[in-house]
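**Q** Fold the following and give me the result.
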Amino acid sequence: MHPQIAQKPAQPVRTVISYRAAIAAALAAAVFIALLVALAKTRRPWNDEAMFANPALNLAEKGFMGTTVLEPARVLPHLDKYTYWIFPLDIIALAGWYKLVGFSLMSTRALSMAWTFVLLAEIYWLMRKWSGAPPVALLAALITAFDYNIITAASFGRYEPMVAALGFGAYCAYIWLREKNLLWAVLASHACIALCGMTHPNGLMFLCGLVFLILYYDRKRIRIRHVAVAAIPYIVGAVFWGAYIAHDPQSALAQLHANSSDRIVLFRPLYAVRGELDRYLRAAGLLQHSAGHSGPIFLKSLPVVVYVFAIAAAVANRGLRQHPGYRALLWLTATHFLYQCFLEGTKFPYYLFHIVPLYACILAGVVDYYWTADSNRRASLRLALAAAVAIVIGVGVGGAAMRVRLNTYGNMYAPAVSFVKQHAGPSDLIMASCDFGFAYGFRPNLLDDIRIGYFSGRIPQFIVVDEIYQANFDAWRAGSPDLYRFIERRLSEYDVVYNHNSYRIYRRKDSVL
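**A** The predicted structure follows:
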């Protein structure tokens with residue numbers, strides 16, 4: 001080497017690792033975004049999405065928060081003027097979002113994506129705080145992002161991402177501020193919980209989690225003034241929400257009562273445990289699944305098995321149990337699980353969105369701990385740990401890719417909507433699931449009346465029966481025979497003019513017009 005040419009210093013190992021981690025994270029983010037967008041474009045809409053979108057669109061365009069696409073007769077009084085059965089903050093957020101970016105199915109789902117990115121940042125920050133290691137935090141965020149439950153909910157227009165982002169945001173706010181100013185930590189974290197609770201009742205789960213964290217970290221520091229400060233956000237929220245309820249308190253009570261039955265199963269422990277098992281079995285693809293879905297759906301059970309083993313390994317290992325951060329993580333996970341088991345009675349699988357990030361954090365912590373375990377078993381152990389992570393991510397990516405390939409929007413939903421558009425006149429009453437509104441439009445002649453006129457007395461020109469309608473018909477056959485006989489008589493007055501991919505479209509016979 002020429003003496004005047006200085007030798008370039010070797011790049012530090014830590015810098016190389018950080019650079020590679022950044023490249024890997026960027027590639028993972030690109031894949032994640034691509035899957036989210038593809039899922040959002042190819043997945044048919046569901047009635048839940050339309051139930052939230054319709055009042056939000058009315059608020060954005062007409063200034064009132066009524067749900068005009070649902071038939072409210074005898075079940076949800078004055079629903080066309082006031083929406084009380086759904087908590088208001090998600091509707092308000094959607095309305096503002098529509099004013100900003102416009103209304104469509106894709107924009108509805110884009111808001112869920114945005115909240116999911118907030119959640120992933122919170123999971124990274126929490127795990128970095130608990131583990132003290134950025135790579136472990138990055139792994140936790142990565143597992144969270146590509147878990148099948150997360151990636152499918154993130155591309156769907158429900159409120160789970162918003163609830164979770166606000167709830168985990170409360171945890172972040174408290175842990176971040178508690179060492180600087182405990183009073184501000186209490187106020188900020190409970191403000192997040194108040195917003196979370198005004199979005200969905202599952203905000204109570206995050207309130208339980210926040211109370212645990214406060215007691216875990218600062219039970220000796222809490223004073224009456226902290227309790228008083230914690231109450232402020234709830235009082236403010238109650239005032240604003242109460243002002244809206246005051247417009248029609250009787251309708252508010254009736255709507256909330258209709259949507260709150262069987263929510264709490266604390267006093268039916270056997271039913272609660274059995275229902276919780278069913279929640280996980282459905283999420284694992286071992287029970288019924290949506291129409292149009294096929295393939296090795298049972299593979300969704302593999303990540304559940306991985307999480308169970310990760311939790312067992314964390315609980316069994318004294319080093320992990322006694323680690324301050326991981327101990328907080330394990331107890332917080334137990335808090336979420338117990339709430340979902342005994343205080344959340346609907347047992348919907350999509351509520352796993354609120355606990356899967358904690359499972360992902362536990363798995364990341366276990367992988368990190370055992371990765372440097374006994375050198376005599378290090379190779380085989382590392383292979384098992386890598387396989388565990390690969391299973392969770394692989395099932396999530398593979399499952400999402402399979403749903404994209406099925407394209408239930410293009411193959412099932414769009415043809416049915418197109419048929420109605422072609423054959424129905426602008427004044428023809430159409431009874432169909434409210435999700436028709438995304439492609440057909442929330443027009444005055446579109447009505448979601450699942451009892452097809454039993455209470456309302458209205459007679460449609462077209463009836464669209466999808467799996468949601470059919471499932472209710474089947475349930476009423478045994479549980480409400482009078483209603484079912486009415487439905488049979490009503491459908492006998494119609495001809496089946498379309499029957500394809502779980503959609504049947506009935507048109508009223510000319511002889512009964």
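**Q** and the host helix or strand of residue 190, which residues are buried?
**A** Element membership of residue 190, judged by DSSP states H and E, is helix 182-197. Neighbour-count burial for helix 182-197 flags 182, 185-197 (criterion: 16 or more other Cβ atoms under 10 Å). To be clear about C-beta, it is placed using only N, CA and C from the backbone, and glycine gets the same treatment.
**Q** what residues does it touch?
**A** With contact meaning Cβ atoms under 8 Å, 6 or more residues apart in numbering, helix 182-197 is reached by 87, 89, 163, 166-167, 169-171, 173-174, 176-178, 202-204, 206-207, 210, 214, 218, 221, 225-226, 229-234, 236-237.
**Q** Just the buried residues from the residues you listed, in PyMOL please.
**A** Buried subset of those, written as a PyMOL selection, criterion 16+ other Cβ under 10 Å:
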select buried, resi 87+89+163+166+167+169+170+171+173+174+177+178+202+203+204+206+207+210+214+218+226+229+230+233+234+237
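**Q** Surely residue 128 and residue 135 touch.
**A** No - applying Cβ atoms under 8 Å, one finds residue 128 not in contact with residue 135, separated by 9.4 Å.
**Q** higher neighbour count, those two?
**A** Ranked by neighbour count (other Cβ atoms under 10 Å), residue 128 and residue 135 place residue 128 first, with 18 against 14.
**Q** Which neighbouring elements make contact with the helix or strand where residue 139 lies?
**A** For residue 139, the element it lies in under DSSP H and E is helix 134-146. With contacts taken as 3 or more Cβ pairs under 8 Å, 6 or more residues apart in numbering; DSSP states H and E, helix 134-146 sits against helix 13-42, helix 105-131, helix 356-371, helix 378-406.
**Q** From the chain's centroid, how far away is the last one?
**A** What separates the centre of helix 378-406 from the centre of its chain is 22 Å, taken as Cα atoms, centre = their mean, to the nearest Å.
**Q** Which elements pack onto it?
**A** Contacts defined by 3+ Cβ pairs under 8 Å, 6+ apart place helix 378-406 against helix 13-42, helix 134-146, helix 148-154, helix 301-316, helix 356-371.
**Q** out of the ones you listed, nearest to residue 430?
**A** Closest to residue 430 of the helices and strands packed on helix 378-406 is helix 13-42 (Cβ to Cβ; 24.6 Å).
**Q** one step back: how about the helices and strands packed on helix 134-146, which one is nearest residue 416?
**A** Nearest to residue 416, of all these, is helix 105-131, at 14.8 Å by Cβ to Cβ.
**Q** which parts of that closest one are buried?
**A** In terms of neighbour count (16+ other Cβ under 10 Å), helix 105-131 has its buried residues at 105, 107-113, 115-120, 122-128, 130-131.
**Q** so which of the helices and strands packed on helix 134-146 comes closest to residue 436?
**A** helix 105-131 (11.3 Å).
**Q** Which residue comes closest to the one residue sitting closest to the centre of the chain once chain neighbours are left out?
**A** The centre of the chain sits closest to residue 160, judged by Cα atoms, centre = their mean, with a distance of 3.0 Å. Among residues not flanking residue 160 along the chain, residue 353 sits closest, at 4.1 Å (Cβ to Cβ, 6 or more residues apart in numbering).
**Q** next one: residue 281
**A** What sits nearest to residue 281 in space, not counting adjacent residues and going by Cβ to Cβ, 6+ apart, is residue 287, at 5.0 Å.
**Q** I'd guessed residue 440 sits against residue 419; true?
**A** No - using Cβ under 8 Å, residue 440 makes no contact with residue 419, being 10.7 Å away.
**Q** Pick the most buried one from the helices and strands packed on helix 134-146.
**A** Of the helices and strands packed on helix 134-146, the one with the most neighbours on average (mean count of other Cβ atoms under 10 Å) is helix 356-371, at a mean of 24.
**Q** ok, how many other residues are close to residue 335?
**A** Neighbour tally, residue 335, other Cβ under 10 Å: 20.
**Q** what about it, which helix or strand?
**A** Assigned by DSSP H and E, residue 335 falls within helix 324-342.
**Q** How far away from the center of its chain is that helix?
**A** Distance of helix 324-342 from its chain centroid, counting by Cα atoms, centre = their mean, is 19 Å.
**Q** can you list contacts of it?
**A** Outside helix 324-342, the residues that touch it by Cβ under 8 Å, 6+ apart are 129-132, 171, 204-205, 208-209, 212-213, 216-217, 265-266, 269, 272-273, 276, 279, 311, 314-315, 320-321, 351, 354-355, 358-359, 361-362, 365.
**Q** just stretch 102-115 next, same as before
**A** Under Cβ under 8 Å, 6+ apart, the answer for stretch 102-115 is 36, 40-41, 45, 49, 52-53, 57, 60, 93-94, 97-98, 101, 153-158, 160-162, 164-165, 438-439.
**Q** Taking helix 105-131 as reference, get the angle to the helix or strand that residue 89 is a member of.
**A** Using DSSP H and E, residue 89 maps to helix 88-101. Counting by axes from the mean of the first three to the mean of the last three Cα atoms, to 10 degrees, helix 88-101 lies at 120 degrees to helix 105-131.
**Q** which secondary structure elements does helix 88-101 contact?
**A** helix 47-62, helix 105-131, helix 160-177.
**Q** quick one: average confidence on it?
**A** Averaged across helix 88-101, the pLDDT comes to 98.
**Q** Flag every buried residue along that helix.
**A** Under 16+ other Cβ under 10 Å, the buried positions of helix 88-101 are 88, 89, 90, 91, 92, 93, 94, 95, 97, 98.
**Q** quick one: which of those is nearest residue 423?
**A** Nearest to residue 423, judged by Cβ to Cβ, of the buried residues of helix 88-101 is residue 98 at 29.5 Å.
**Q** What segments of the stretch 201-350 of the chain are helices?
**A** Ranges of helices in the stretch 201-350 of the chain, per DSSP state H, counting those that start in this stretch, are 203-218, 224-245, 249-258, 269-283, 301-316, 318-322, 324-342.
**Q** want to throw the ones you listed into TSV with mean pLDDT?
**A** Shown next, in TSV, are the helices of the stretch 201-350 of the chain (pLDDT from 0 to 100):
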stretch	mean pLDDT
helix 203-218	98
helix 224-245	97
helix 249-258	93
helix 269-283	94
helix 301-316	97
helix 318-322	93
helix 324-342	97
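**Q** among the ones you listed, which is nearest residue 66?
**A** Here helix 249-258 is closest among those (Cβ to Cβ), at 10.6 Å.
**Q** circling back to that earlier point, and the helix holding residue 335 with helix 269-283, angle?
**A** Counting by the same axes, to 10 degrees, helix 324-342 lies at 110 degrees to helix 269-283.
**Q** now this structure, which segments are flagged as low pLDDT?
**A** 1-17, 261-263, 288-295, 374-377, 511-513 (pLDDT under 70).
**Q** Kindly state the domain boundaries assigned to it.
**A** Split into domains by automatic domain parsing, the chain comes to 14-42+104-406, 409-512.
**Q** so what's the residue lying closest to residue 49 once chain neighbours are set aside up against?
**A** Of all residues beyond its chain neighbours, the one nearest residue 49 is residue 157 (3.7 Å), with distances taken as Cβ to Cβ, 6+ apart. Contacts for residue 157 (Cβ under 8 Å, 6+ apart) come out as 45, 48, 49, 52, 53, 105, 108, 109, 111, 112.
**Q** would you say residue 157 is within a strand?
**A** No - counting by DSSP: H, G, I helix; E, B strand; the rest coil, residue 157 falls outside a strand, being coil.
**Q** Could you check how far it is from residue 406?
**A** According to Cβ to Cβ, to the nearest Å, residue 157 stands 19 Å off from residue 406.
**Q** same question, residue 195
**A** Counting by Cβ to Cβ, the gap from residue 195 to residue 406 is 36 Å.
**Q** do the same with residue 242
**A** Here the criterion is Cβ to Cβ. By it, residue 242 lies 45 Å from residue 406.
**Q** swap in residue 299?
**A** Using Cβ to Cβ, residue 299 is found at 15 Å from residue 406.
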